[in-house]
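Kindly generate the corresponding structure for this input.
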Amino acid sequence: MRATSLAALTAALSCGLVTPAHASGAPPPSNGLAGPADAVFRQGMWWNPERAGNGWDINRVGDRVFVVWYTYDEAGNPTWYTSTGELDGERFQGELLSHSWVNNAAGPYTVAGSLDITFPSAQVANVNWQLGEHSGERVLQPFIFATEPVMSDYSGIWYDTAEAGYGLTVQTQGDTTFTVLYHYDAEGRPTWTTGTDPASGDSAADNIVLSNSTGQCAWCENRPHESTTVGTAALQFETESNMRVSLQFDGGDWNRQDVGHIMLSDPPSGRPHPAAMAPLASSEALRFYFSSSYRETQGYSLPIICAGPIVSPGPPPEAGFDGGPLSETNVQEQGVDEADVVKATWERLYSIDQPGRAALETVTDGEEEHDLFIQTISRYRTSPELGDPVLDGQYKVTYPPRRYPIHSLRGEGLYHHVDADDQSRLVYVGSQVEGHCYGYAHGKARIVAWDTGDDADADAAHALDIDGEIITTRVIGDTLYAMIRYRPDFHDIARRVLPPEDIKDDYTEEEFETVIEALTGDDLLPRAKYADGSTRPLLAAADILVPPVPATRLDSQLTVFSAFDLRDLDAPPVSMAIMGHMGGLYASTSAAWLAGTRWVYGVGTDGHLFRTGEQDTELHRFAITDKGFSYSGSGSIEGHLGSDPGKLSFRLSEHNGVLRVLSQSGWGDSGRWGEFGEHRLSIVDTQAGDDLLLATRAVLPNEQRPARIGKPGEQVYSVRYFGDRGYAVTYRMIDPLYALDLSDPDDPYILGDLEIPGYSDYLHPVSAELLLGVGMNASVHVDSYGNEQALIQGVQVGLFDVSDTGAPALLDQEEIGYRGSSTPVSEAHHAFTWLPADNDTDRAARFVLPVAIHGPEDGQLDDDPWHRYPWLGTGALMYEIAGGQGVPWLRRVGTATLADAGSTPEDHAYLYTNFSADSARSVIQGDRLLFYFRGGVFTSPWGGSEFTPAEGCVLCTPWSIEGN
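Numbering: from 1, shown residues only. Alright, predicted model coming up:
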């Protein structure tokens, strides 16, 4: 390939012999997800985190590719090379040129070596280089230190229009401008200098401190980098393709004052935004991610045992009739159902016996015996007109035996679904997750459906087995939406490509490479196994999106979002995936959002990337459609969404075309938001532009409305949105409940706040005027060192008036028990049971709280505020919101006791005092309460004082639930 020098290329540009795309008069390509100009690679700076201090600038210049390699010579001094040529599919090849500076002008160049780059995806470059007698290979990724959209992007390669041969690489990301000046030393040898302006404006980066570094050559061992400040630079951007440059070096070398530069590379308007998602170029790209990730972790020597899954049907259902009022699973958004360990109709209650665990049973398959893990779903007849609840059948879901030392069931839950054709079915979702001492987890998910209608076939169980772990699910209409975490299991893949005689428990590195060479990218895609035994990929490689996220290593983990038709589980699902880890899912009837938290990186003046200690949240929106969903854009906000995955979704709410998100940061006034505190509300547009980027429309606090959400050091304990209002509880010493006015998405503000002792873990909208809060009471005490300490006491439930345009008002509050008391509502909103008021019958709204109550056995309180009281009893508290047309208040109408200290053997008491998220559920059925506790089902009249176990219940006694 004919070499082209940098001076010759820039001179040709100046003379019009070569025309950049942005100067041709033709419109720039669309900023689509993968526009023509960036279908193969993402333009800009690239690096390998393990070789920090080196960088590559890879760009397009019209129909050509232009590369600058910033590296070091064997003495550790900075030097640079260029290469230019055409792109052949996903491959670039060119000569590496070394440049010189002679008599104050660009001198002759020499061919120093060769360059061969392939792009498995727009986010990965596999580089093979040769310099003299040395050669090597590098895996590169985009050099990303911020992903929030910027108003003005000036990233690219720039050159002096009057003095060809030197120039600058500029990277604008977020508020930071990073630049590399490629120039020459006093002897005319190529050198480079880096600089950063961490607070650049829309049209200027005038506070750049320049540094010169030493480092390791391309073939040398890593060595410490030493950086020296050598001067300053100021960049004034006139347009996206024109700027003025001033350089001031301490020694006077290479000083320039207000010199015009133009962009050599195609400008930002002609390529996707650097924060935009990029799809994988091909299935081979997934193969590259997988092999690179596994080579780093050596995750291919693990024990393996295989066995097939089994599904056992339950007994045939019995006919019933539509009964009276029945509470449903407590969900975040109306119209969006959520899986839970208990589902009920008027006639039936279905419950998972041992959530998160399974029984080990031996089954016979021909002459072979297999130990399988079996999860049992119990079915109870609950029609009141037929008497007390009776266990009348069970369903079995069977998982293969464990292959790795660590084994658990996760994401388990049930749906009772009635479709548009009035066909009813019970649906189970769950995952078997296995790992080992090195922390790798491999999941196998199951979706199983049983018809429950009057004419259902008792033997009909529809099963779907999926590669990966189901993290969470939702049902909207007749569609089950699932968030699935998938990382290719090397042993599963080996079985796909190796003959049976070569399958083993442990593989050598050479055998690993043999498998890698034999497989294709399609072998790495997550697959689903259908009822007829066939397997098909859940998605294609082109359905995998790669976010521009800073990372220290390649990650082959996928977060898959799939839509399954509950009327026909054998129908191919609609699926897409995000490369990397996502933390949670929020869904409304119009859209589903995947949210993931990532570390924020900064770039030093020496070009080194460092982790700032702050975090951001990336958001990906999928519009709900009749056919499942469609990807509609991505964005990011500052801050993270807390450490509790069970409460993550409550921090988000989509309403009237915007997403409201409450995030948090740290470090108090010294943090990233300074005087605006540690919590921020972001309003994000749900309509993306051509670049499919979702912009942040407003934040609170801000300059016009600086009042904080939360005091210094407080954490967010609960968030709830209701129409144009938002509510947030923060806590450290005392509970401020904040009311937010969100009616104007461009100007959210705090209506007011109410301070009361303790905090609410869960907020429940009763109406537009009333709000319930469930949490813990607390008292403030001074310890022996003189420091104030907030001590958690008993459970607390409060009723708030939020009708005013100012601060909320506390109408009524009840404290339940003393220090040591607890409720599972603090862990899971499904443990809270709600039945709205019925105005036609004048029935008041009802709700139920499962509680374990601790207190003084003799009625005498201890003077020590740290004293933890003994357990007295466990059961359910039944409430109504009374008051009619007057002032509403909380009326406890019943306390049904399940177990108490006086009648429970001491060695079984712990079973009733330690709640997990799935320990307790309740269902209000007319004038009685159905109560689920650790797999057992009980009943009590509404307002009753004790529970009666269901007939046939085998998990209703302490010895039967021990260890459950």
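
make it CA atoms for all contacts and neighbour counts henceforth
OK.

In this structure Lys735 contacts Tyr759, no?
Heads up, residue 735 is Asp, not Lys. Yes. Counting by Cα atoms under 8 Å, Asp735 touches Tyr759, with 4.8 Å between them.

who has more neighbours, those two?
Set side by side, Asp735 and Tyr759 show more neighbours around Tyr759, with 30 against 25, by other Cα atoms under 10 Å.

The more buried one: what's it in contact with?
Neighbouring residues of Tyr759 by Cα atoms under 8 Å, 6 or more residues apart in numbering: 717, 729-731, 734-736, 775-778.

for those residues, which one is nearest Gly798?
Gly775 (8.7 Å; Cα to Cα).

Name the residues linked to that closest one by a beta bridge.
Ser760, Gln796 (DSSP bridges).

ok, now which ones touch it?
Per Cα under 8 Å, 6+ apart, neighbours of Gly775: 758-762, 795-797, 825-826.

ok, now Ala917?
The contact partners of Ala917, taken as Cα under 8 Å, 6+ apart, are 824-825, 827-828, 831.

How confident is the prediction for it, by pLDDT?
We have a pLDDT of 88 for Ala917.

Pull out the buried residues from stretch 793-804.
Neighbour counts over stretch 793-804 (16 or more other Cα atoms under 10 Å) mark 793-802 as buried.

so which pair among these is furthest apart in space?
Spanning the widest gap among these are Gln793 and Val802, at 26.0 Å by Cα to Cα.

Now Ile856: closest residue in space, sequence neighbours ignored.
Not quite, residue 856 is Pro, not Ile. Tyr869 (6.0 Å; Cα to Cα, 6 or more residues apart in numbering).

again, but for Asp570
Counting by Cα to Cα, 6+ apart, the residue nearest Asp570 is Tyr530, at 6.1 Å.

How about Ile792?
Ala778 (4.4 Å).

element containing the one you found?
Using DSSP states H and E, Ala778 sits in strand 770-782.

same check, this time on Thr472
Taking DSSP H and E as the definition, one finds Thr472 inside strand 469-476.

Gln141 too?
strand 134-142.

So for that strand, what gets flagged as buried?
Buried, per 16+ other Cα under 10 Å, within strand 134-142: 138-142.

what does the helix or strand just after it contact?
Downstream of strand 134-142, the next assigned helix or strand under DSSP H and E is strand 156-160. Residues outside strand 156-160 that contact it (Cα under 8 Å, 6+ apart): 10, 43-44, 57, 59, 165-171, 259-268.

still on that earlier bit, report the two of the contacts of Gly775 separated the most.
Farthest-apart pair in the contacts of Gly775 is Gly758 and Val825; separation 15.3 Å (Cα to Cα).

So which residues of the stretch 151-300 of the chain form strands?
For the stretch 151-300 of the chain, the strands defined by DSSP state E, counting those that start in this stretch occupy 156-160, 167-173, 176-184, 190-197, 204-214, 226-239, 242-249, 256-263, 278-279.

Tell me the helices and strands packed up against the third one.
By that I understand strand 176-184. Applying 3 or more Cα pairs under 8 Å, 6 or more residues apart in numbering; DSSP states H and E, one finds that strand 176-184 contacts strand 167-173, strand 190-197.

Sheet partners, orientation included, of the longest one?
Taking DSSP bridges as the criterion, strand 190-197 pairs within the sheet with strand 176-184 (antiparallel), strand 204-214 (antiparallel).

Of all the ones you listed, which one is nearest Ile476?
So among the strands paired with strand 190-197, strand 176-184 is nearest, using Cα to Cα, at 41.9 Å.

hang on, Val802 packs against Leu772?
No. At 10.2 Å, Val802 and Leu772 do not qualify as touching, with contact defined as Cα under 8 Å.

follow-up on the earlier one: quick one: which of the contacts of Tyr759 has the most company?
Val729 (28 neighbours).

how close does the residue nearest to that one when sequence neighbours are not counted get to Phe676?
Excluding the flanking residues, the one nearest Val729 by Cα to Cα, 6+ apart is Leu737, at 4.7 Å. Between Leu737 and Phe676 the distance is 18 Å, computed by Cα to Cα, to the nearest Å.

got it, and Glu501?
Glu501 sits 65 Å away from Phe676, taking Cα to Cα as the criterion.

ditto for Asn242
For Asn242, the distance to Phe676 equals 36 Å [Cα to Cα].

As PDB, could you dump the C-alpha coordinates of stretch 250-267?
Extracted C-alpha coordinates of stretch 250-267, given in PDB (Å, rounded to 0.1, in the frame of the first residue of the first chain):
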ATOM      1  CA  ASP A 250       7.800  26.800  29.900                       C
ATOM      2  CA  GLY A 251      10.900  26.500  27.800                       C
ATOM      3  CA  GLY A 252       9.600  28.500  24.900                       C
ATOM      4  CA  ASP A 253       9.600  25.500  22.500                       C
ATOM      5  CA  TRP A 254       6.700  25.200  20.200                       C
ATOM      6  CA  ASN A 255       4.900  28.300  21.400                       C
ATOM      7  CA  ARG A 256       1.900  29.400  19.200                       C
ATOM      8  CA  GLN A 257      -0.500  32.300  19.700                       C
ATOM      9  CA  ASP A 258      -4.000  32.300  18.300                       C
ATOM     10  CA  VAL A 259      -3.300  29.900  15.400                       C
ATOM     11  CA  GLY A 260      -6.100  28.700  13.200                       C
ATOM     12  CA  HIS A 261      -6.800  24.900  13.100                       C
ATOM     13  CA  ILE A 262      -9.300  22.900  11.200                       C
ATOM     14  CA  MET A 263     -10.600  19.400  11.800                       C
ATOM     15  CA  LEU A 264      -8.800  16.800   9.700                       C
ATOM     16  CA  SER A 265     -11.200  14.000  10.600                       C
ATOM     17  CA  ASP A 266     -14.900  13.900   9.800                       C
ATOM     18  CA  PRO A 267     -16.700  16.200  12.300                       C
END
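
Check what contacts it and list those residues.
Residues contacting stretch 250-267 (Cα under 8 Å, 6+ apart): 10, 20-22, 59-62, 66, 154-162, 167, 186, 230-231, 240-249.

average pLDDT across the biggest strand by length in the chain?
Longest strand in the chain, counting residues (DSSP state E): strand 609-625. In this model, strand 609-625 has an average pLDDT of 84.

Then stretch 513-525?
For stretch 513-525, mean pLDDT rounds to 81.

any idea how this structure splits into domains?
Recorded structural domains for the chain (assignment: automatic domain parsing) are 6-24+40-275, 282-529, 830-857+868-964.

Determine which of these shows the lowest mean per-residue pLDDT.
domain 282-529 (a mean of 79).

for that one, the distance to its chain's centre please.
21 Å (Cα atoms, centre = their mean, to the nearest Å).

Okay, now stretch 41-60: how far is its last residue from its first?
Stretch 41-60 stretches 10 Å from its first residue to its last (Cα to Cα).

could you dump the strand holding Ala778 to PDB, C-alpha only?
Extracted C-alpha coordinates of strand 770-782, given in PDB (Å, rounded to 0.1, in the frame of the first residue of the first chain):
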ATOM      1  CA  LEU A 770     -53.500  10.500  51.400                       C
ATOM      2  CA  LEU A 771     -50.200   8.600  51.700                       C
ATOM      3  CA  LEU A 772     -49.300   5.700  53.900                       C
ATOM      4  CA  GLY A 773     -45.800   5.100  55.200                       C
ATOM      5  CA  VAL A 774     -44.500   1.900  56.700                       C
ATOM      6  CA  GLY A 775     -41.100   1.700  58.300                       C
ATOM      7  CA  MET A 776     -39.400   2.000  61.700                       C
ATOM      8  CA  ASN A 777     -39.600   4.300  64.600                       C
ATOM      9  CA  ALA A 778     -36.300   5.700  66.000                       C
ATOM     10  CA  SER A 779     -35.000   7.800  68.800                       C
ATOM     11  CA  VAL A 780     -31.900   9.900  69.100                       C
ATOM     12  CA  HIS A 781     -29.400   9.300  72.000                       C
ATOM     13  CA  VAL A 782     -26.000  10.500  72.900                       C
END
